[in-house]
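Asks: I'll drop the sequence and a predicted model, then ask my questions.
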Amino acid sequence: MFNAEQLLGKMMAEMVGSGSGYKKQKKYKGGSMMHSLTSTLLSGKGLMTAIGLGVGAYEILKSKQEIPQPPVSATPFTPPSGMAYDSTSSAANVSVPPPLPGVVANPLKDQVASEQDRDLALRFIQVMIAAAHADGRMDSEEEGKILENLQGQGISQEEKRFILAEMHDPKSIEQLVAGISDPRIAQTMYGLAVSAVVVDTAEERKWLDKLATSLSISEGMRRFIEAET
C-alpha cells in the first residue's frame with residue numbers, strides 16, 4: 001500500500017506549486033497555507049503537523065490584516081521607584097522548569113493515529129481531484145498531462161492507478177465531507193480545493209460554495225482562504 005501522505009505532498013508540489021501542465025495553471029503564494037502544508041509533508045513531519053502549521057499561517061496572516069499593529073515605543077524601561085533592576089540580566093539567567101517526564105509509547109494508539117492520517121490524506125487528494133472536475137470538462141489529454149508531470153515527482157504505479165481511478169470517478173461533496181468536524185481540517189480541505197481550480201465558470205463557483213457550506217466555513221473565512229491561496 002502506498003504512502004498517502006507522501007502522495008499528497010507530491011501532488012501539492014506539482015499540481016498546486018508549479019502548475020506546469022495542469023488544467024488551469026495556478027501558483028500559490030510563498031507564505032500561504034499551501035506552502036506550509038507542502039513543505040511539511042515533503043519533509044516527512046506528518047499530516048497533522050502540516051495542518052497545524054498551515055492553519056497557523058492562515059491565522060497569523062488573518063490577524064495581521066484585521067488587527068492594526070500598535071506602534072513600537074522607543075522609550076527605555078524605567079523601573080518603579082524602590083524596585084531594584086539589574087540591566088545586565090539576560091535570558092540565560094532565567095530559570096527554566098525541568099522537562100516533563102517522557103510519555104510511554106502506545107503502539108496501538110500510534111497505529112490508529114497513523115490510519116486516521118492516511119485516511120485523511122486520501123480524502124485531501126480526493127477533494128483536489130474532485131475540485132479539478134468541478135466544471136465537468138477534464139478530458140483525457142488533461143489527465144495525461146497531470147500524470148506526466150506527477151511522474152517527475154516519482155509516483156509509483158500503485159499511486160498512478162489510484163489517481164486515475166479518482167479522476168474517472170471523482171467523489172461527491174457529500175462523500176468528501178462525511179465525518180469532517182474539526183475546523184482546522186475543514187479549512188485545510190477547502191484551501192486544497194481552492195488551490196486545485198481557478199474559478200472561471202458558474203459550475204466551479206457553485207461547487208466551491210457548496211463545499212464551503214457543507215464544511216461549515218463562514219463567508220468571511222472562505223473569502224480569506226480564496227484570496228490567500
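Replies: Received, thanks. Numbering: from 1, shown residues only.
Asks: make it CA atoms for all contacts and neighbour counts henceforth
Replies: Noted.
Asks: buried sites along the longest helix along the chain?
Replies: In terms of residue count, the longest helix belonging to the chain (DSSP state H) is helix 107-132. Using 16 or more other Cα atoms under 10 Å as the test for burial, helix 107-132 gives 117-118, 120-132.
Asks: what of stretch 145-164?
Replies: Residues of stretch 145-164 classed as buried by neighbour count (16+ other Cα under 10 Å): I146, L147, N149, L150, I155, E159, I163, L164.
Asks: which neighbouring elements make contact with the helix or strand hosting the third one?
Replies: Remark: N149 resides in helix 140-151, with elements defined by DSSP states H and E. Helix 140-151 makes packing contacts with no helix or strand when contacts are defined by 3 or more Cα pairs under 8 Å, 6 or more residues apart in numbering; DSSP states H and E.
Asks: and the next element down the chain from that helix?
Replies: Next helix or strand after helix 140-151 toward the C-terminus (DSSP H and E): helix 157-168.
Asks: sorry, back to before: dump the buried residues of stretch 145-164 into TSV; add distance to D182 as well.
Replies: Shown next, in TSV, are these (distance: Cα to Cα, whole Å):
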residue	distance to D182
I146	30
L147	31
N149	32
L150	30
I155	30
E159	27
I163	26
L164	29
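Asks: which residue packs closest to F124, ignoring adjacent ones?
Replies: M189 (6.1 Å; Cα to Cα, 6 or more residues apart in numbering).
Asks: how much space is there between the one you found and K171?
Replies: 14 Å (Cα to Cα, to the nearest Å).
Asks: which residues are in contact with both of the two?
Replies: Taking Cα atoms under 8 Å, 6 or more residues apart in numbering as the criterion, M189 and K171 both touch V127.
Asks: give me the more crowded residue out of the two.
Replies: The residue with more neighbours, out of M189 and K171, is M189; 26 against 18, by other Cα atoms under 10 Å.
Asks: quick one: that one and A212, what's the gap?
Replies: 9 Å.
Asks: same deal with L192?
Replies: Distance, L192 to A212, using Cα to Cα: 12 Å.
Asks: ditto for A227
Replies: 15 Å.
Asks: looking at the two, which one has more neighbours?
Replies: More crowded of A227 and A212, by other Cα under 10 Å: A212, with 23 against 10.
Asks: now do the same contact list for that one.
Replies: Y190, S218, R222.
Asks: mind telling me what element it is part of?
Replies: Going by DSSP H and E, A212 is in helix 202-214.
Asks: which ones are touching the residue nearest to L37 when sequence neighbours are not counted?
Replies: Spatial nearest neighbour of L37, chain neighbours left out: A50 (4.8 Å); criterion: Cα to Cα, 6+ apart. Listed by Cα under 8 Å, 6+ apart, the contact partners of A50 are S36, L37, T38, T40, L41.
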